[in-house]
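K.L.:
I'll drop the sequence and a predicted model, then ask my questions.
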Amino acid sequence: MEKETEWVAPSTSLSRALFKICPSDDPLDHPDFNEVDYINKLFPNEQSLTSIDDIINNVKSRISNVDEEIRTSLHQQNASAKEGQEALIESQRAIQQLFNKIKVIKSLAEESESNVCEITRDIKQLDCAKRNLTSAITTLNHLHMFVDGIESLQHFAKKRQYSETANLIEGISNVVLHLQTFKEVPHIQGFVTQFQSVQESLGKQILQDFKESLENPSRTGPSMNELGQSCKVLDVIGHTYRNDLIKYIVQLQLAEYRHLYQPSEVTAWLDKIQNRYTWLIKHLIDFEKKLGSIFPSEWALSERISLEFCDITREDLTILMKRRSKDLDSQLLIDAVAKTIRFESLLMKRFDGFTNKDLSRLNKEFRTQVKNLNPFEEEPTNPFQDEEEGKLPDDVSPFLQAISCCFESYLYIVVETQDRHLSELMERFVAESKALSSQNEMTEYIPVLQSSMDLFQFYKKALDQISALSTKESILLLATVFQKYLREYAGKVLQGSLPKFGAGLSSLPLTTSGIIQNFQIMLKEGDVSKLTKLEVSRTCCILTTSEYCLETSHQLEEKLKEKIDLNVADKICFSAEIDIFGSIIGNCIRILIQDVESSVDPALQAMVKTNWSGVEAVGDTSAYVSAIVGHIRSKIPPIRDGLATSRKYFAQFCSKLPVHL
């Protein structure tokens, strides 16, 4: 009898895992199965034991069914294992066959790759041979074109067929670019040298043709059309021969001018400077009519001739003025510069500055703003207000001060002339001031002295004149002259016209401190006398005139800074002169206050001397108060009327008067 196999119960965790995989409603399959609970459930009491046999039979029947299921499963498992083994062996056999096929395919692929490499190598060799053959054919074609082109070029040059020559040179030049790779080859290098030699001989031939045609018009030579076509050849072969031809043409056209207006000739002097400019204008018209159609517009020959004319004229005038500097005078210079500037403006409008890039002669210091003779218009009482400014063009023309810059060193003569005129004008102003001061009665009310307006009108004209000629040191010299005569006008005319008190004044120093010191002496020396109505009116007129001069001097300073070159604008300063006019205004206010104070002084003295201890009754008015009010009422209206145009200083007078009283 076989020994029974010992039953080993599975662990609780294994039972639970199996239950999760194969869930069941049978209590026997539950992982937490308890035999005692299960039996107690089957037999809850003694009466239930009567069915124990049926339950045992059912259990045995179930055990038999389970055993049968297990045996069936084992038989099926054994059959499946044999089938799996056979399938595995068949799979291994199929894999081996597949491996053998892949090996064969790999061998065939390697053989195919070798064949493809051989075919590709042959194709590459053929392709390289094709490229080399194509390059050789192209190079030979270029070389053939090069050789034939040189022969044709020599033929065309000999026949002077310049139209075909220009196109042929362009084609040969393109061929030469393609042959640059073979420039070290002796034969090709020889052809290139031959081509260059043909171009040089062609350029010399064209220059000679022009010289013969222009210098000997009666001689038979190339026609004007052929000369025009030859210019295209010069554009193609390079700038050297073109520039030589341009230089020759310019010199030839100006040869007559050099002879007529050389510095030793009488016609070269400044009084005939307009003849120079007229000559060029007429000559340019004649040149354009006869030869203008020959030369390409890009050469700008008329502009180049004009520019060379300006250079020659500037150099000749510089030499001439240096030799005859003693013969220069203000009016001669002004007329010459004015005509020159008008001529430069005409050239700037006529030509667009095509040659500007080629110029090295024009220094930046000459490229300043061009001004006409009357650049602004103003009100008569203020010549320096609301002036419209000129603006520099975006592209500076080469004709800008191309000639007029040579006059800069001699414009001091014009400034000296203005100085002399101002000196004469100042003498006239002083005489008029003395005549006005000697009048016993006032004919009409004068808000501002006419002499001050005349002075600044003269300044305006002088500034217009000088600024039209220069924007540099000449304006700085003119500003110094302006300052000088502003100080003289303040001292000799304005301060000299004020009423004199006491023993009189010494000569007036032309500084602010001198004016104040002199005025203090004026108030201290002697007894202060009252001013007449004429003297009050004159004092008010001096105040308003000083105010006008102060404001206009400031505007004059700004205008000078606008006119002059920015590099020297900081050197112009009118602060000292402006302070002098401000001091005269203060003196006028002090004189008017002193006059009012002197008129009420007797009443004030009476008030001080009154024996107030003896006064027994107080009244509404007193004699001294009535006298003070009467004097003030008589003095203030003339001053108010005299300062009607200067309300600011009348208010200042009114604010200071109570302090002094």
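P.N.:
Arrived safely, thanks for sending.
K.L.:
Give me the next element, helix or strand, following the helix or strand where residue 89 lies.
P.N.:
Of the helices and strands defined by DSSP states H and E, residue 89 is found in helix 52-159. Where DSSP H and E defines the elements, the next helix or strand beyond helix 52-159 is helix 162-178.
K.L.:
Can you give the distance from whichever helix or strand comes after that following helix to the centre of its chain?
P.N.:
Under the assignment DSSP H and E, the closest C-terminal helix or strand after helix 162-178 is helix 186-215. The gap between where helix 186-215 is centred and where its chain is centred comes out at 46 Å by CA atoms, centre = their mean, to the nearest Å.
K.L.:
Check which helices and strands helix 186-215 is in contact with.
P.N.:
helix 52-159, helix 162-178, helix 224-237, helix 239-253 (3 or more CB pairs under 8 Å, 6 or more residues apart in numbering; DSSP states H and E). Any C-beta I mention is one placed from the backbone N, CA and C, and that applies to glycine too.
K.L.:
buried sites along the shortest one?
P.N.:
The one in question is helix 224-237. 226-237 (16 or more other CB atoms under 10 Å).
K.L.:
tell me the angle of it relative to helix 239-253?
P.N.:
Comparing the axes of helix 224-237 and helix 239-253 via axes from the mean of the first three to the mean of the last three CA atoms, to 10 degrees yields an angle of 140 degrees.
K.L.:
Need the residues that contact helix 224-237.
P.N.:
160, 162-163, 165-166, 169-170, 173, 199, 202-203, 206, 209-210, 213, 222, 241-242, 245, 293-296, 299 (CB atoms under 8 Å, 6 or more residues apart in numbering).
K.L.:
Now, of the residues you listed, which are buried?
P.N.:
160, 162, 165-166, 169, 199, 202-203, 206, 209-210, 213, 222, 241-242, 245, 294-295, 299.
K.L.:
tilt between the helix holding residue 89 and helix 162-178?
P.N.:
Going by the same axes, to 10 degrees, helix 52-159 makes 140 degrees with helix 162-178.
K.L.:
Could you check the angle helix 52-159 makes with helix 186-215?
P.N.:
Interaxial angle, helix 52-159 versus helix 186-215 (the same axes, to 10 degrees): 50 degrees.
K.L.:
which strands and helices sit next to helix 52-159?
P.N.:
On a contact count with 3+ CB pairs under 8 Å, 6+ apart, helix 52-159 meets helix 162-178, helix 186-215.
K.L.:
separation between residue 317 and residue 305?
P.N.:
Using CB to CB, to the nearest Å, residue 317 is found at 18 Å from residue 305.
K.L.:
what does residue 168 give?
P.N.:
Relative to residue 305, and taking CB to CB, residue 168 is found at 32 Å.
K.L.:
With residue 413 instead?
P.N.:
Residue 413 is 32 Å from residue 305, by CB to CB.
K.L.:
So which of the two has more stuff around it?
P.N.:
Using other CB atoms under 10 Å as the criterion, residue 413 and residue 305 rank with residue 305 on top: 22 against 18.
K.L.:
so the more buried one is in which element?
P.N.:
Using DSSP H and E, residue 305 falls within helix 301-323.
K.L.:
after that helix, next one along is what?
P.N.:
Following helix 301-323 in sequence, per DSSP H and E, is helix 330-350.
K.L.:
what bits of the stretch 451-600 of the chain have low per-residue confidence?
P.N.:
Within the stretch 451-600 of the chain, the ranges that satisfy pLDDT under 70 run 501-529, 600.
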